[in-house]
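Asks: kindly generate the corresponding structure for this input.
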Amino acid sequence: MGTEAGLASYDGNTVVALGEDQGTAANGARSLFLDREDRLWAGHIQGGLSLLENGAFRKLSVASTPLTSDVTGIVQDADGAVWIATYGQGLFKTTDVGPDGTLTAERFGSGQKISDNINALIALKDGSVCIIEDGGTPKRWDKSRKVFEAMQYAALPELLSVTSLFGDSKGRLWFSTISSGAYCVDPKSNSVTTHDLVSGLPSNFVVCFGEDEDGAIWVGTWDNGIGRIQQDGVQHFNSDNGL
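Replies: Prediction:
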């Protein structure tokens, strides 16, 4: 688990705090990611990186570029490269972790026409990498052109402050917003479905998504719990029913 005080583990009975004495980087842990090699990556506040491999933690660093900004996301793309997002230093893409914990990384930021302040980093089910910039603009990595392109759909409202992005098992894309609820885009038909207070969501301030084994979409809100979107409506989970 990532907390403001650092990392912690829970075995079902006991919570154990993990810090620099156990080999992790300093400060709170904001981002966690388990890669295809079963290595656990942790991104910390003020730029630290930790890696759990073969039962032991070690600190990571980026060659020639000290990380001093909060790490806001870590994902792995279809080719196995690990991407690291920061709020202040843009993005880093690495394919190599040296024996001493040094990452050989390519950096993307204002020089590549993206913001240095990345709010969120997402890998979709097809392995493509997407970011949410600090202004709320969602962009997708174009591997062939080696640039991030704005994600634009004709039926999607232009002025949105997007907070997160999610790809479901049906290939649809879900966009969450600060004040307009959630939008579900079906790229196959280029259709957009709006989910907000009017249609049954518990709040218009949406921050995250998930999908269960039944195909229902779980929508996390900032101020009024969770909504579970299913075929027969939206089920609410909040302080009124035990959340």
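Asks: now for residue 161, how many residues are close by?
Replies: Counted with other Cβ atoms under 10 Å, the neighbours of residue 161 add up to 14. All C-beta atoms are positioned from the backbone trio N, CA, C, and that covers glycine.
Asks: dihedrals phi and psi, it?
Replies: According to degrees, to the nearest 10, the main-chain angles of residue 161 amount to phi -100, psi 90.
Asks: quick one: contacts for it?
Replies: Remark: with contacts taken as Cβ atoms under 8 Å, 6 or more residues apart in numbering, residue 161 is in contact with 135, 136, 177, 178, 179.
Asks: and the buried ones among those, selectable in PyMOL?
Replies: Remark: buried members of these, expressed as a PyMOL selection using 16 or more other Cβ atoms under 10 Å:
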select buried, resi 177
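Asks: and the contacts of residue 161, which of them are in strands?
Replies: Secondary structure from DSSP state E places residue 177 of the contacts of residue 161 in strands.
Asks: with pLDDT and distance to residue 60 added, can I get the contacts of residue 161 in JSON lines?
Replies: Listed next are the contacts of residue 161 as JSON lines, based on pLDDT from 0 to 100; distance: Cβ to Cβ, whole Å:
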{"residue": "135", "pLDDT": "83", "distance to residue 60": "29"}
{"residue": "136", "pLDDT": "85", "distance to residue 60": "29"}
{"residue": "177", "pLDDT": "92", "distance to residue 60": "33"}
{"residue": "178", "pLDDT": "91", "distance to residue 60": "33"}
{"residue": "179", "pLDDT": "91", "distance to residue 60": "37"}
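Asks: hmm, who's touching the helix or strand where residue 9 lies?
Replies: Using DSSP states H and E, residue 9 sits in strand 6-10. Residues outside strand 6-10 that contact it (Cβ under 8 Å, 6+ apart) are 1, 15-19, 24, 26-29, 42, 44, 50.
Asks: swap in stretch 26-38?
Replies: By Cβ under 8 Å, 6+ apart, the list of residues contacting stretch 26-38 reads 1-7, 19-20, 40-46, 48, 50, 53, 70-76, 80, 82, 85.
Asks: tell me which residues of stretch 115-135 are tucked away?
Replies: Buried positions in stretch 115-135, judged by neighbour count with 16+ other Cβ under 10 Å: 115-124, 129-133.
Asks: from the chain's centre, how far out does that stretch sit?
Replies: Offset of stretch 115-135 from its chain centre (Cα atoms, centre = their mean, to the nearest Å): 7 Å.
Asks: is it true that residue 233 touches residue 195?
Replies: No: the criterion here is Cβ atoms under 8 Å, and residue 233 misses it with residue 195 at 11.2 Å.
Asks: with neighbour numbers in mind, choose between the two.
Replies: Taking neighbours as other Cβ under 10 Å, residue 233 and residue 195 compare with residue 195 leading, 22 against 11.
Asks: isn't that one right up against residue 184?
Replies: Yes: Residue 195 lies in contact with residue 184 (Cβ under 8 Å); the separation is 6.7 Å.
Asks: where does pLDDT dip in this protein?
Replies: Applying pLDDT under 70 to the chain flags residues 155, 159.
Asks: quick check: residue 202 is in a strand.
Replies: No: under DSSP: H, G, I helix; E, B strand; the rest coil, residue 202 sits outside any strand and is assigned coil.
Asks: next up, the contacts around it.
Replies: Taking Cβ under 8 Å, 6+ apart, one finds 221, 224, 225, 226, 227, 234, 236, 238 in contact with residue 202.
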